[in-house]
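*Asks:* Dropping a prediction and its sequence here:
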Amino acid sequence: MTEFRFPRRLRLLTGRDFQFVFDNAQLKVPDQPLLILARPNNLGQPRLGFVISKKNVRQAVKRNRVRRIIRESFRLNQHSLPAVDIIVLARKGIGEIENEAIHKLMKKNWSRLKNKSKKLK
């Protein structure tokens, strides 16, 4: 049975993990309200990290909402994603977008990430 949890092993936790992706990003999926950076890992599973700054999304409630929606989208799509470390960078305006629109945006971006990772191999 497929497990749809989001345990610690699927998260980028340390500054070193984040810096490694920032320095060696081989995949970029740009979109207006988001930028996704990724690099292959040897863990056999994708890992996710967020950068949602106060400068781009002023209210903590909106930052947390965006984070929850992206996390949920990742959780549901993790088994179809390649083994990459992923950082989702939020840009200005993401906090004003409706929940359903963010879900659709993430679904589109996950498929774009899969296609780009296939071309990388």
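*Replies:* All right, it came through fine.

*Asks:* show me where the protein has helices.
*Replies:* Taking DSSP state H to define them, one finds helices in the chain at 15-23, 60-77, 99-120.

*Asks:* looking at those helices, which is closest to residue 83?
*Replies:* When the helices of the chain are compared by C-beta to C-beta, helix 99-120 sits nearest residue 83, at 8.9 Å. C-beta: built from backbone N, CA, C; applies to glycine.

*Asks:* Would you mark the buried spots in the closest one?
*Replies:* When burial is assessed from 16 or more other C-beta atoms under 10 Å, helix 99-120 yields the following buried residues: 102, 105, 106, 109, 110, 113, 114, 116, 117.

*Asks:* Please list all residues in contact with the last one.
*Replies:* Meaning residue 117. In this structure, residue 117 makes contact with 27, 38, 40, 82, 84, judged by C-beta atoms under 8 Å, 6 or more residues apart in numbering.

*Asks:* which one of the helices of the chain lies closest to residue 3?
*Replies:* Closest approach to residue 3 among the helices of the chain (C-beta to C-beta): helix 60-77, 9.9 Å.

*Asks:* Give me the residues contacting that closest one.
*Replies:* Helix 60-77 is contacted by residues 4-6, 10, 46, 48, 50, 52, 54, 57, 81, 86, 88, 90, 94-96, 99, 102-103, 106-107, 110 when judged by C-beta under 8 Å, 6+ apart.

*Asks:* Any idea how far it is from the middle of the chain?
*Replies:* Offset of helix 60-77 from its chain centre (C-alpha atoms, centre = their mean, to the nearest Å): 9 Å.

*Asks:* Pull out the buried positions in it.
*Replies:* 62, 63, 65, 66, 69, 70, 71, 72, 73, 74, 77.

*Asks:* Residue 82 versus the third one, what's the distance?
*Replies:* Meaning residue 65. Computed as C-beta to C-beta, to the nearest Å, the residue 65 to residue 82 distance reads 27 Å.

*Asks:* Perfect, that will be all.
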